[in-house]
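1. sequence and predicted structure are below.
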Amino acid sequence: MVQNKVHLIPYTIQSIEDSKNETPEGVQLVQAPALWEKGFEGEDIVVAVIDTGIESDHPDFKEQIIGGRNFTSDYSGDQDNFEDNNGHGTHVSGTIAASLNGNGVVGVAPKAKILSLKALSGEGSGEYEWIINAINYAVDWRGPNNERARVISMSLGGPNDIPEMHEAIQNAINHDVSVVVASGNEGDGNQETPEYAYPGAYNEVISVGAVNLDLELAPFSNTNNEVDLIAPGVDILSTYLDSKFAKLSGTSMAAPHVAGALALIINLSEKEFQRSVIESEVYAQLIRRTLPLAFQKSAEGNGFLMLNLVDQLDRINAPHVKETNRTSKN
């Protein structure tokens with residue numbers, strides 16, 4: 001029998017703390033600060049986070065939330081109440097876009113905006129219909145200045161391929177919305193054996209596996225032929241309920257690093273190309289910024305997210321290119 005619910009990707013709470021003032025190690029590992037220094041902080045990019053909601057009065061979200069909606073039966077189905085009653089959505093949102101305000105933590109894209117779509121209950125589960133409606137809402141949503149969501153982040157999954165959910169994701173892609181998802185936490189530590197969770201197993205999504213802060217593959221991370229890349233997902237520090245901060249582990253924590261990274265990549269690419277970029281171009285620019293770590297492709301896909309990799313390679317190659325040009329002229 002097909003289960004009619006989708007669930008949070010399982011995660012582990014490592015610690016909860018009252019205060020912080022730091023750039024989380026995961027944000028540093030993906031080289032986000034290097035892009036901030038170049039003026040790319042996710043400005044004007046809206047990321048729709050389909051999760052358990054967000055703690056809207058957390059100090060790190062003071063100017064980050066552009067809108068939201070509740071698709072669940074929580075709060076008696078009040079569509080305007082998208083407050084997080086779990087903690088997961090707040091943590092994911094912080095990794096994407098916690099503000100660079102000198103207090104608390106900072107996300108990968110500190111000037112991006114969050115569209116918080118609560119499609120999972122406080123217990124961490126939701127009807128497939130809620131998820132589908134949230135995806136479609138994200139695609140159709142327009143902000144007060146006609147903003148639109150450029151990225152959808154989903155750290156959720158289930159064992160079943162639901163055609164209607166797949167169609168909603170395909171529709172999002174066709175409307176040039178990048179869809180980032182956690183690959184899943186059913187991994188058994190063996191890269192030879194595939195594990196699949198949906199929507200992570202759909203070809204159209206950007207499926208993200210997890211490594212720890214030493215760049216070792218997380219044993220829980222799903223391995224399969226649809227994994228696109230890997231990002232930090234163990235002991236990840238971010239925002240949490242009651243204006244606190246927590247370290248959580250799971251592929252749920254890896255996916256928002258990539259969602260935030262896409263906001264920076266869109267900023268950078270549209271400045272370089274002097275035009276709007278489509279979803280396939282955004283994906284290509286993302287994959288340019290991955291470094292293989294010698295795991296099997298089923299585990300790491302294209303490799304580990306390194307936002308400044310292109311510039312680093314350009315600096316390495318520049319002397320060789322100059323020398324080649326001199327030789328060709330002689």
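-> Looks like it came in fine.

2. how many other residues sit next to Gly107?
-> 34 (other C-beta atoms under 10 Å). All C-beta atoms are positioned from the backbone trio N, CA, C, and that covers glycine.

3. so it is in contact with Ala98, correct?
-> Yes: if you go by C-beta atoms under 8 Å, Gly107 and Ala98 touch, sitting 4.0 Å apart.

4. now the element after the top helix by length along the chain, going C-ward?
-> The residue-count maximum for a helix in the chain (DSSP state H) belongs to helix 251-273. Later in the chain than helix 251-273, the nearest helix or strand by DSSP states H and E is helix 279-287.

5. find residues that contact each of Gly107 and Ala98.
-> Ser238 (C-beta atoms under 8 Å, 6 or more residues apart in numbering).

6. Ile162 contacts Glu129, doesn't it?
-> No: taking contacts as C-beta under 8 Å, Ile162 lies outside contact range of Glu129: 9.8 Å.

7. what about those two, which has more around it?
-> Ile162 (19 against 15).

8. which stretches of the stretch 151-300 of the chain form helices?
-> Remark: helices assigned in the stretch 151-300 of the chain by DSSP state H, counting those that start in this stretch are 163-174, 251-273, 279-287, 297-300.

9. list the buried residues of the second one.
-> Within helix 251-273, the residues that qualify as buried by neighbour count (16 or more other C-beta atoms under 10 Å) are 251-270.

10. who touches the residue nearest to the spatial centre of the chain in this structure?
-> Closest residue to the average C-alpha location of the chain: Pro256 at 2.4 Å, with C-alpha atoms, centre = their mean. By C-beta under 8 Å, 6+ apart, the contact list for Pro256 reads 49, 92-93, 95-96, 107-108, 153, 155, 180.

11. do you know how far the closest residue to it other than its chain neighbours is from Glu164?
-> In this structure, Pro256 finds its nearest non-sequential neighbour in Thr95, 3.9 Å apart by C-beta to C-beta, 6 or more residues apart in numbering. Per C-beta to C-beta, to the nearest Å, Thr95 is found 29 Å from Glu164.

12. the two - which one has more neighbours?
-> A direct count of neighbours by other C-beta under 10 Å for Thr95 and Glu164 places Thr95 higher, at 33 against 12.

13. tell me what the helix or strand where that one lies is packed against?
-> Per DSSP H and E, Thr95 falls inside helix 88-97. Contact here means 3 or more C-beta pairs under 8 Å, 6 or more residues apart in numbering; DSSP states H and E; on that basis helix 88-97 packs against strand 46-51, strand 113-118, strand 236-240, strand 244-249, helix 251-273.

14. make JSON lines out of these and add mean pLDDT and distance to Asp78.
-> Formatted as JSON lines, the helices and strands packed on helix 88-97 follow (pLDDT from 0 to 100; distance: least, C-beta to C-beta, whole Å):
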{"stretch": "strand 46-51", "mean pLDDT": "98", "distance to Asp78": "17"}
{"stretch": "strand 113-118", "mean pLDDT": "98", "distance to Asp78": "10"}
{"stretch": "strand 236-240", "mean pLDDT": "97", "distance to Asp78": "23"}
{"stretch": "strand 244-249", "mean pLDDT": "96", "distance to Asp78": "25"}
{"stretch": "helix 251-273", "mean pLDDT": "97", "distance to Asp78": "26"}
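
15. now render those as CSV, adding distance to Arg69.
-> Formatted as CSV, the helices and strands packed on helix 88-97 follow (distance: least, C-beta to C-beta, whole Å):
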stretch, distance to Arg69
strand 46-51, 10
strand 113-118, 6
strand 236-240, 20
strand 244-249, 24
helix 251-273, 18
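
16. Ile230 is nearest to which of these?
-> helix 251-273 (6.8 Å; C-beta to C-beta).

17. from the chain's centroid, how far away is the closest one?
-> Helix 251-273 sits 8 Å away from the centroid of its parent chain (C-alpha atoms, centre = their mean, to the nearest Å).

18. do the same with stretch 168-177
-> Centre to centre, stretch against its chain (C-alpha atoms, centre = their mean), the figure for stretch 168-177 is 16 Å.

19. over to stretch 177-188?
-> Taking C-alpha atoms, centre = their mean, one finds the center of stretch 177-188 at 9 Å from the center of the full chain.

20. same check on stretch 98-117?
-> So, by C-alpha atoms, centre = their mean, the centroid of stretch 98-117 is 13 Å from its chain's centroid.

21. and the end-to-end length of that stretch?
-> Length of stretch 98-117, first residue to last, C-alpha to C-alpha, to the nearest Å: 17 Å.
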